[in-house]
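Novice: What follows is a predicted protein model with its sequence.
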Amino acid sequence: GTSDSMMQKYTSSLEKLDGIIHRIAGKVKHYEKQPIYWVEVDRQGTQMLLLELNDKPLAYAYTGRSPEYRIDYLNPYIDCRGKQILKIRAFTPEVFPFESSTSPIKLRIGYGADKRESDAAPEYLTEIITLPEYVLDNGTQYWDTTITFQAQVPWDHSYRLENAVDLRTLPDLEERVLRKYEELRQFLVNCDIANVYKELENMMIYNYGSLYKSSLKDVKSELERGRLTYKPNHPDKKVFPISNYELAMYKKGKIALLRGVFDKSAVIKSIKYDTTRYHEPYEVTWHISLYLPEGETELQVY
């Protein structure tokens, strides 16, 4: 909501933000070469889509009921140069099978030699990928396929999981994951932007580096853009309880996350009010992956 006590908590947390921003910016690596990769998704029908790159789920689940066209960057999911493996899963809601009369999902992988050259004509590393005819009109509800493409990125992040714990060996894994999610959710409830950014610090460092946002100005702009998520600036603002979730595992058990049972989207959800985007409050979600580095006892945001 908009209570005075929430505003006091938000203001107090905000006072710690500048130091966190400078620390994160100081750790983001700068790369002279800046190739950029993306997936272009055109989804005009009722079919739903999940994507995994190198056994890591994309933060966005293409499962909404409305038509959409999106371009999502793939750089944060690329560990190192060489062959990249994209898993595609298309499925239909409830009991409706794939039909030829429905507008099919279409996607392709795009590439730019240098992100700074935004006016350059994009290249595409794949043809348009869509549902094959043999799954249409025969009662099929799921279709999986895998494609590969080459990426030449200037980093190697593969070491991050080399000695990470196989989470499947933890007897109370689901309880520990839920507990960590609840901790992060409570920071949202408390309008505690500083502690959220502390928890997400490592993720931000790698993501910003892979998207070439390495200057203090870039990092500050990215992090300050999220302030309105935490600011109690509308009476209808709220943070939803975590419910209807399932545990999903990736990278041979080294990454775990919770996702919605039905839409497979993020389960930490809140209401944001930002008039520069919409006149009414709108829902935002938080995609959080967790892992356990060697020698640590508490799950961390990957």
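Specialist: Looks like it arrived, so ask away. Numbers count the residues shown, from 1 in each chain.
Novice: Residue 172 - how many residues pack around it?
Specialist: 9 (other Cβ atoms under 10 Å). C-beta here means a position set from N, CA and C on the backbone, and glycine is covered the same way.
Novice: Give me the phi and psi angles of it.
Specialist: phi -110, psi 40 (degrees, to the nearest 10).
Novice: does the residue positioned nearest the centre of the chain sit in a helix, a strand or a coil?
Specialist: With the centre of the chain defined as its mean C-alpha position, the nearest residue by Cα atoms, centre = their mean is residue 59, 2.4 Å away. Recorded secondary structure, residue 59: coil (DSSP: H, G, I helix; E, B strand; the rest coil).
Novice: what about the residue lying closest to it once chain neighbours are set aside, neighbour count?
Specialist: Once flanking residues are discounted, residue 59 sits nearest to residue 287: 3.8 Å by Cβ to Cβ, 6 or more residues apart in numbering. Counted with other Cβ under 10 Å, the neighbours of residue 287 add up to 15.
Novice: Was I right to think residue 287 contacts residue 76?
Specialist: No. Using Cβ atoms under 8 Å, residue 287 is not in contact with residue 76; the gap is 11.0 Å.
Novice: how about the helices in the stretch 151-300 of the chain?
Specialist: 173-189, 193-199, 201-210, 216-224, 227-230 (DSSP state H, counting those that start in this stretch).
Novice: Enumerate every residue touching residue 133.
Specialist: residue 100 (Cβ atoms under 8 Å, 6 or more residues apart in numbering).
Novice: Skipping adjacent residues, who's closest to residue 58 in space?
Specialist: Closest to residue 58 by Cβ to Cβ, 6+ apart is residue 51, at 4.6 Å.
Novice: What score does that neighbour have for pLDDT?
Specialist: Here, the pLDDT recorded for residue 51 equals 98.
Novice: Could you give the number of residues near residue 23?
Specialist: Count around residue 23 with other Cβ under 10 Å applied: 14.
Novice: and it, what pLDDT?
Specialist: So residue 23 comes in at 97 (pLDDT).
Novice: Look at it and give its secondary structure.
Specialist: Residue 23 - assigned by three-state DSSP - is helix.
Novice: circling back: quick one: the residue nearest to residue 58 from residue 84, how far?
Specialist: 12 Å (Cβ to Cβ, to the nearest Å).
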